[in-house]
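Q: Compute the structure for the input listed below.
(chains A and B, ligands or ions: 1)
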Amino acid sequence: MNFDDTPQEAEFRAIARAWISANAPRQYEEELRKSSLGRTVLKNANILEVAKAWQKKKADAGWACLHWPKEYGGRGSSPIERVIWQQEEGPFGQLSRMFIIGHGMCGPTMMAFAREEHKRTYLPPLASGEKVWCQLFSEPAGGSDVAGLRTRAEKDGDDWVINGQKIWTSGAHYSDYGILLTRTDPTVPKHKGLTMFFLDMKSPGVEVRPIKQASGASDFNEVYFTNVRIPDHQRLGEVGDGWNVSLTTLMNERSAIGAAVSTGFPELFEYCSSLMLDDGPAIEDRAVRSKLANWAVKASGLKYTSMRAISALSKGERPGPENSIGKLVAGSMIQDVATYALDLQGAAGVVSGEDGELAGRFQAMLLRAPGTRVEGGTDEIMRNIIAERVLGLPGDIRVDKDVPFNKIPTRGRK
Amino acid sequence: MNFDFSDDQKQLRDQARKFLTEKCSPKAVRIVLDGKAPYDKELWKGLAEMGFLGVAIPEEFGGAGAGHLELCVIAEEMGRANAPVPFSSTVYLAAEALLIAGSDTQKKKWLPAIAEGEAIGTLALFEGKGNPSPKNVKLTAANGVLNGVKKPVADGAIADFAVVAARTGSSGRDNDISLFLVDLKAGGVEVKSLTNLDPTRGQAEITFRDCKAEPLGAAGEGWSILTQVLDRAAVLCAFEQVGGSDRALEMGRDYALDRIAFGRPIGSFQAGKHMLADMYVSATLARSNSYYGAWALSTNAAELPEAAAAARISATQAFQHCAKNNIQVHGGMGFTWEFDCHMYYRRANAMALGLGSLSYWEDQLIDRMRKKNAA
Ligand SMILES: Cc1cc2nc3c(=O)[nH]c(=O)nc-3n(C[C@H](O)[C@H](O)[C@H](O)COP(=O)(O)OP(=O)(O)OC[C@H]3O[C@@H](n4cnc5c(N)ncnc54)[C@H](O)[C@@H]3O)c2cc1C
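A: Numbering: from 1, shown residues only, chains lettered A, B, ... in the order given. The predicted structure follows:
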């Protein structure tokens, strides 16, 4: 057991640190440092533009998507180097949240299933942030049950013609490309009739309608497809093999999201360290300390669990279903942490936004948190994955197994 | 970075598991549980022969001199097997106290005896209700003579010697406390066994009446030494708790696959699956916190106090959580004496108290985090 850098790692760290120090957009550092889930705001700049500029700068110097191969816009780095980079990038890493779906899910799926010439064309601008990608999986009739989707793809000459609707598509309103899961055969059991594509979001017939979220923000969208044509060479994987392709995406999604979710604990600890309650400093109150300690060990447990995973990665092991625990634990934790921070504020806790305590930091967290427990797989789905794939318990009993898709009853969002 | 045990250490873990599976079956644990013997003497001898008792004791004092990471992997297996031997009191508490503060003579006298399985040691700290605190030490030492009562003392009834915390001053500060080494087989001590939550690891009341004792470490340094001993033991106990959590989870999982209700294995009901998934989550968080504690312990890092408290809290919670839900998964069977579930439930809840309760360690953790942030 050894946390020290090897000489090569230390050298890499020094080079990364020097480059970041000379090139990062320092004028935003303080705002980024103070931002937390649900509240990344730059007062005097458009965050997407700032993020794109930083990503481009990194890409030009060879620091984008470090673990991707060089020919696709990466650096060919080891998993450990990627972690070192993230440690050194610090608050500026918040800016890459804009690209998490593209870099974490779409890119790896393209790498595994796209044709070589497409990889060389599409991956470098994805890595550099010039082109943004989205993931078009969920539908009104299929979220947890992704394979329940109904968007149709029908072959017409060398093209496929797409009709249907996607929903909850994060970033679709500013995306250039997307990976799209469709149904190509409704007469076979549902997992067998799916096919994956990638497409240009500016294609005729694609309509993106932002949805206002419960938090008040609009990060996700409905996407409608009306006779959208996708050339067959943009198919990812075989016809009918879309489920397998999507599993690759979802596996990557879990480790990308799992590693990125925050717990809210550092924010709460800092807050309690300075907060005065009616009868003294919050941090000296027994009840407060007990709560903090419970969350502290969850936060550190997650941190060291991911370090163990990184160690395993560096020995060449693949990320497994056990990575589901990150989002499962952090998702409800951030919700509880935010609730507690407001409890400590008493009646004033109700005031949100700029008028609120700490400019509404915990209020924003509270309102964003429910989404964290749903996106990328709900708590229940995460527990199923752990129970079935890690502990080896039987799968849920399925009434739709071996039934042709068009014979399964479905009911979507009303 | 390499945040994992080495292949050699993992091999040692396998070796310990194999040995304990053979020599420490639930049946063997039950012989002690049912009260026919205070601990498993055969097993204790075997552990000594395997070199497990002295694994972290330097060679010059009769140990294997391997180190604390090695002790951690063995601790995990001791917990997994629910071993009915005075391992934690002798190896984590008494031996660590000697290693930290013992004179050369004291080390030479006791450490080889521990490694050979010839001496059982313990720490006599508590005096009734309450958590570790200088305030709670009332037993006095004057002119090398102890007077007072300690209870509960883990494995006190079978111990050959004890490290005793005594009051040697009245300033009201931590330096009122000093440590002493007492040969319990010499005069001046009266030992009474106490019934306790986990009979596989006994508890006793020890009365000291004008009992001769030699100082362990410098006078007035007792509390500072004790804090170090408790931190080190917290990490080692955390590994026992991690082993216990894993075993309880495994028992629950196996039963869930086996038992049929409503025409299907109960492990196919989602409520049960999710309960087991949550057990896995807490066991995993505890394991990761404990690994960090192991690293801090083995390198004597400045992070040890914080890491130890985090490992302690996380592992205590995990073991209690897994042990109680293991019974729930087993239904009525789980609540019988005949099934092994209650042995882990007993051990989990006894271990949650032994080094100070959960709320004590929560308080410690926040104190330590504040100090670090202030520094
Ligand atoms: C902020 C946010 C961003 C998102 N971004 C994207 C995106 O970019 N691209 C994309 O494709 N999708 C995205 N999603 C969609 C997301 O993946 C789905 O919302 C999610 O998988 C849940 O599906 P659902 O909404 O249909 O809920 P449902 O599946 O209808 O779930 C409703 C409830 O039923 C429970 N449930 C469902 N099935 C089971 C089961 N088998 N066992 C137990 N309980 C079950 C769920 O846990 C939940 O509590 C996003 C969602 C959110 C909230």
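Q: Break down the chain into its strands, ranges please.
A: Unless you meant another one, I'm taking chain A. For chain A, applying DSSP state E gives strands covering A:133-136, A:152-156, A:159-170, A:177-183, A:194-200, A:206-210, A:220-231, A:235-236, A:276-277, A:280-281.
Q: not what I meant, chain B
A: So, for chain B - with DSSP E - the strands run B:121-124, B:140-142, B:145-154, B:161-167, B:177-183, B:189-194, B:203-212, B:214-216, B:260-261, B:264-265.
Q: Contact partners for the residue in the stretch 1-150 of chain A that the ligand sits nearest to?
A: Across the stretch 1-150 of chain A, the shortest distance to the ligand (Cβ to the nearest ligand atom) belongs to A:Gly143, at 1.8 Å. Just so you know, the C-beta spots here come from the backbone N, C-alpha and C atoms, and that holds for glycine as well. Listed by Cβ atoms under 8 Å, 6 or more residues apart in numbering or on different chains, the contact set of A:Gly143 reads A:Trp168.
Q: Residue numbers of the stretch 151-300 of chain B in contact with chain A?
A: For the stretch 151-300 of chain B, the residues in contact with chain A (Cβ under 8 Å from any Cβ of the partner chain) are B:249, B:253, B:256-257, B:264-265, B:267-268, B:270, B:272-274, B:276-278, B:280-281, B:284-289, B:291-292, B:294-295, B:298.
Q: can you pull out the helices in the stretch 51-200 of chain A?
A: Ranges of helices in the stretch 51-200 of chain A, per DSSP state H, counting those that start in this stretch, are A:79-89, A:100-101, A:107-113, A:116-127.
Q: Can you name every helix or strand that the second one contacts?
A: Helix A:100-101 makes packing contacts with strand A:133-136, helix A:242-260 when contacts are defined by 3 or more Cβ pairs under 8 Å, 6 or more residues apart in numbering or on different chains; DSSP states H and E.
Q: Kindly recompute the last result at 10 Å.
A: If you count contacts as 3 or more Cβ pairs under 10 Å, 6 or more residues apart in numbering or on different chains; DSSP states H and E, helix A:100-101 packs onto strand A:133-136, strand A:159-170, helix A:242-260.
Q: for those, which one sits closest to chain B?
A: helix A:242-260 (12.5 Å; Cβ to the nearest Cβ).
Q: What number of residues are in the vicinity of residue 272?
A: Picked chain A for this. A:Cys272 has 23 neighbours, counted by other Cβ atoms under 10 Å in any protein chain shown.
Q: wrong one, I was asking about chain B
A: Neighbour tally, B:Gly272, other Cβ under 10 Å: 23.
Q: contacting residues for it?
A: Residues near B:Gly272 by Cβ atoms under 10 Å, 6 or more residues apart in numbering or on different chains: A:387, A:393, B:252-253, B:255-256, B:259, B:261, B:265-266, B:325, B:328-329.
Q: hang on, the earlier thing: local confidence estimate at the residue of the stretch 1-150 of chain A closest to the ligand?
A: Per-residue pLDDT puts A:Gly143 at 92.
Q: the bottom helix or strand of chain B by mean pLDDT?
A: Least confident helix or strand of chain B, by mean pLDDT, DSSP states H and E, is helix B:358-374 with a mean of 94.
Q: for it, packing partners?
A: helix A:265-274, helix A:286-314, helix B:222-258, helix B:304-334, helix B:341-354.
Q: Check whether the first one comes near chain B.
A: Yes. Where contact is defined by Cβ under 10 Å from any Cβ of the partner chain, part of helix A:265-274 touches chain B, namely A:269-270, A:272-273.
Q: That helix versus helix B:358-374: what angle between them?
A: Here helix A:265-274 runs at an angle of 90 degrees relative to helix B:358-374 (axes from the mean of the first three to the mean of the last three Cα atoms, to 10 degrees).
Q: Helix A:265-274 packs against which elements?
A: Right, helix A:265-274 is packed against strand A:280-281, helix A:286-314, helix A:324-345, helix A:361-372, helix B:358-374 by 3+ Cβ pairs under 10 Å, 6+ apart.
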